[in-house]
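Chemist: I would like the atomic coordinates for the input below:
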Amino acid sequence: MPTLVDRELVLYDSRVIIEYLDERFPHPPLMPVDPVTRAQFRLALYRIERDWYGLVQQIEQEPDKKQTLKHKKILRDVILQSTELFAMKRFFLSEEFSLVDATIAPILWRLPYYEIDLPPQAQPIIKYASLVFARAAFRDSLSEAEQEMRLL
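Modeler: Numbering: from 1, shown residues only. As a prediction, the model looks like this:
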């Protein structure tokens, strides 16, 4: 479980940590300032956390290989459903890197580790992932175990 300690403050919920960081260090913002776009981002975050991360948890915890394969296929299909959204802007739903990108990136990074291949029609997702993975901040954030999931 991620934990943030800032002076006397201890935060342990990832959503609370992220919102705190966005408010404490507002430039550049992790969330848009426009309320409508902010709401769209929150909805995207909710779906990614519920659907994508829920499936990842099932993949990692499922002892039955057939069920694991089923969960991997579902995760692949759910990600592919968003292909058009990845093609719309430079980052996910935005021209600027955001909290949504920081939430999506770990899943996309782990796809080869989970033996999930994206087909050629997923080119917008592959291009997006390359853009995010090339960021120095992303590279610096990877743990040793995460680095070993892919050849850097």
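
Chemist: which residue is nearest the middle of the protein?
Modeler: Centroid-nearest residue in the chain, with C-alpha atoms, centre = their mean: Ile104, separated by 1.6 Å.

Chemist: Wait, that one touches Phe92, no?
Modeler: Yes. Applying C-beta atoms under 8 Å, one finds Ile104 in contact with Phe92, separated by 5.9 Å. For glycine as for every other residue, the C-beta is placed from the backbone atoms N, C-alpha and C.

Chemist: Could you pull out the helices in this structure for me?
Modeler: 14-24, 35-47, 53-61, 65-80, 83-88, 99-110, 123-133, 136-141, 144-148 (DSSP state H).

Chemist: Tell me which of the ones you listed sits nearest to Ile116.
Modeler: Ranking the helices of the chain by proximity to Ile116 (C-beta to C-beta) places helix 65-80 first, at 5.0 Å.

Chemist: And that closest one, what does it pack against?
Modeler: helix 53-61, helix 99-110 (3 or more C-beta pairs under 8 Å, 6 or more residues apart in numbering; DSSP states H and E).
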